[in-house]
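Q: All I have is the shape, not the residue letters:
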C-alpha cells in the first residue's frame, strides 16, 4: 500500500523541483582514445551510406565536410593512415532512413581530449564539450584499437583500459 499523499490546499502552486530535467538524448557518440580510428570509422560509414542505394543514405550538409570524408577515404586507398585529428570539428550530416530525413551532428575530437577528460580529469572547454555530448548520447560506440595488445606499450594499454572504464562509469551514472 503506497503511503498517503500530503494534502495540498486548493490553489496552492506545486512546489518547484530542485532536480534538473534529464538531458535530451539525441546523439550517437563514437568514443575512443587517440589513434583508435574514430575519424576513419566515421569516414568509412559516410562513404558506404553516401553511395548507398538502399533504404538508408547519408550526405554531408556542407561541401567541405563531404570533401574531408572523401579525402580521408582516398588517402586510405593509397595505404596511408591520415594524420591525427588536431582539433574538434563539428560535422552536420543528413541521414535518410526509408525516405525520412534526420540531421546528425558529429563531433570529431582529438584523442587527446579523451585523455584529458577521462585520465587527467582536466576541466576545459574541449573536455566539457565532449562530456556534454556523452551525457546527451542516446547510444555510445566505444572504439578500441585491438592492435594495442600487439604493438602498443603497456602505458597505452593501461590508458585505454582506465579511460574506457571511466567513460563507461560516467555513462552508467547518467
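A: Noted; the coordinates are in hand. This structure is a prediction, so every number in the text was calculated from the model and none was measured. Residues are numbered from 1 along each chain as shown.
Q: Would you map the helices across the protein?
A: Counting by DSSP state H, one finds helices in the chain at the ranges 38-50, 63-77, 111-118, 125-135, 148-151, 154-173.
Q: center of this structure - which residue?
A: For the chain, the residue sitting closest to the mean C-alpha position, by Cα atoms, centre = their mean, is residue 29 at 2.0 Å.
Q: hey, what's residue 93 bridged with?
A: Residue 93 has these beta-bridge partners by DSSP bridges: residue 60, residue 104.
Q: re the thing from before, between the helices of the chain, which gets nearest to residue 23?
A: helix 125-135 (5.4 Å; Cβ to Cβ). In this view, the C-beta of every residue, glycine as well, is placed from N, C-alpha and C.
Q: buried set for the closest one?
A: Under the neighbour-count criterion of 16 or more other Cβ atoms under 10 Å, helix 125-135 has 126-127, 129-131, 133-134 buried.
Q: Show me what that helix packs onto, helices and strands only.
A: Counting contacts by 3 or more Cβ pairs under 8 Å, 6 or more residues apart in numbering; DSSP states H and E, helix 125-135 is packed against strand 27-31, strand 100-108, helix 111-118, helix 154-173.
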